[in-house]
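> Sequence first, then the predicted structure, then my questions.
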Amino acid sequence: MTRTVYLNGAYLPETEAKVSIFDRGFLMADGVYEVTSVLGGKLVDFAGHARRLRRSLDALDMPHPVDEAELLAIHRELVRRNALGDGLIYLQVTRGAPEDRDFLFPDPEKTPPTLVLFTQAKASLTETAAARDGIRVIAIDDIRWARRDIKTVQLLYPSMGKMMAMAAGVDDAWMVEDGKVTEGTSSNAYIIKDGRIITRALSNDILHGITRAAVLRFAAEAQMQVEERSFTLEEARAADEAFITSASTFVTPVVEIDGAVLGGGTPGPLVRRLRQIYIDESRAAAI
Ligand code: PMP
């Protein structure tokens, strides 16, 4: 089925949506993005994604293409036009397409930002093999730039990380800097030891996950112990349980870290409980 996508104010068949070769997203990765999940035709944590988009745009001095109400209307219209049940909405804003290639930012009065959104349908976001069986990760060096808190489209290294994982016969990679785990290639990373959930504190070193914020809130409400601190790869390999969070995978168990098998290789009870709480709460609050 041909998707209907959104480009700069127009709803178009995906084959007809075209962006200039001078677009700074294309030439310089000068763009930011968001991925919002859709459960049963409703948006999960839209307000959180809209807030982080504003933060990313402001951090890069990029103009805001539309306000939050308009953004919500576009998301909903794409869900409607594509009859989306479970799936994702990808959104990207770039600094637009000036007349020529230049390192300097173009005048925003003359060059409006480019805004693109499209849907990605999934059979189910909740019933997945990864959620049932858990995933296996390798450790790789984190060689990304120092502003990982800005959700830019510079995804070459995360993409290479996933290829390294595939070459190693596992599902994904966790990145390590100065001996400590930063995050997954496209997720936040957590371990559980003696009933305590441990995840790196927020800083410029990691993306401030929208799912992370919700999961830590739900964990606290369920009287689970949470420690926001860095942990080493050795600690991770000796953990009782581990998991990742992201808008597309929710809470997904990790059953092997760099060759060390956790919990006999099957998802543990705390992770399974947290995933269920996250899905129930997100479904109930989706708009
Ligand atoms: N860290 C990185 C590097 C990511 O790419 C993502 C997913 N976009 C996350 C964390 C998780 O963020 P969120 O829960 O907002 O999807």
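Noted; the coordinates are in hand. Residues are numbered from 1 along each chain as shown.
> Whether the lengthiest helix in the chain contacts the ligand - can you check?
When the chain is parsed with DSSP state H, its longest helix is helix 269-285. No: judged by CB under 6 Å from any ligand atom, helix 269-285 stays clear of the ligand, getting no closer than 10.6 Å. (C-beta placed from N, C-alpha, C; glycine too.)
> Give me the residues contacting that helix.
37, 39-40, 42, 44-45, 126, 131, 192, 195, 197, 211, 214-215, 218-219, 222, 224, 241-243, 245, 250-253 (CB atoms under 8 Å, 6 or more residues apart in numbering).
> Now which of these would you call buried?
Buried members of these, counted by 16 or more other CB atoms under 10 Å: 37, 39, 42, 44-45, 126, 131, 192, 197, 211, 214-215, 218-219, 224, 241-243, 245, 250-253.
> Residue of the stretch 1-150 of the chain nearest the ligand, please.
Proximity of the stretch 1-150 of the chain to the ligand (CB to the nearest ligand atom) peaks at residue 35, 5.7 Å away.
> what separates that residue from residue 228, distance-wise?
Distance, residue 35 to residue 228, using CB to CB, to the nearest Å: 23 Å.
> who has more neighbours, those two?
residue 35 (17 against 12; other CB atoms under 10 Å).
> In what element of secondary structure is the more buried one found?
Element membership for residue 35, per DSSP states H and E: strand 31-39.
> Now do the helices in the protein.
Secondary structure of the chain (DSSP H): helices located at 24-28, 46-59, 68-81, 129-133, 156-167, 210-221, 233-237, 269-285.
> I'd like the average pLDDT over the second one.
Which is helix 46-59. For helix 46-59, mean pLDDT rounds to 98.
> How about that helix and the ligand, any contact?
No: counting by CB under 6 Å from any ligand atom, no contacts exist between helix 46-59 and the ligand, the nearest distance being 6.9 Å.
> okay, the angle between that helix and helix 210-221?
Following axes from the mean of the first three to the mean of the last three CA atoms, to 10 degrees, one obtains 130 degrees for the angle between helix 46-59 and helix 210-221.
> buried set for helix 46-59?
Neighbour-count burial for helix 46-59 [16+ other CB under 10 Å]: 46, 48, 49, 50, 52, 53, 56, 57.
> How about the contacts made by the nearest residue to the last one once chain neighbours are set aside?
It refers to residue 57. Of all residues not flanking residue 57 in the chain, residue 64 sits nearest, at 5.5 Å (CB to CB, 6 or more residues apart in numbering). Contact partners of residue 64, counting by CB under 8 Å, 6+ apart, are 54, 57, 113.
> sorry, back to before: for the nearest residue to the residue of the stretch 1-150 of the chain closest to the ligand once chain neighbours are set aside, grab the count of nearby residues.
Among residues not flanking residue 35 along the chain, residue 247 sits closest, at 5.0 Å (CB to CB, 6+ apart). When counting by other CB under 10 Å, one arrives at 23 neighbours for residue 247.
> Can you check the pLDDT for residue 1?
Reported pLDDT at residue 1 in the predicted model: 75.
> ugh, typo on my part, it should be residue 81
98.
> Now do it: how many residues are near it, please.
Residues near residue 81, counting by other CB under 10 Å: 14.
> Verify the stated contact: it with residue 2.
No: the pair residue 81 and residue 2 fails to qualify as a contact (CB atoms under 8 Å) at a distance of 11.0 Å.
> And the protein, what are its domain boundaries?
With domains defined by automatic domain parsing, the chain comprises 4-121, 129-285.
> average pLDDT across the last one?
For domain 129-285, the per-residue pLDDT values average out at 98.
> Buried residues, stretch 196-211. List them.
By neighbour count on 16+ other CB under 10 Å, the buried set for stretch 196-211 is 197, 198, 199, 200, 205, 206, 207, 208, 209, 210, 211.
> Please name the residues that touch the residue in the stretch 51-200 of the chain that the ligand sits nearest to.
As assessed by CB to the nearest ligand atom, the ligand sits closest to residue 186 within the stretch 51-200 of the chain, at 3.9 Å. Applying CB under 8 Å, 6+ apart to residue 186 gives the contacts 158, 162, 172, 246, 248.
> Can you pull the phi/psi pair for it?
phi -150, psi 40 (degrees, to the nearest 10).
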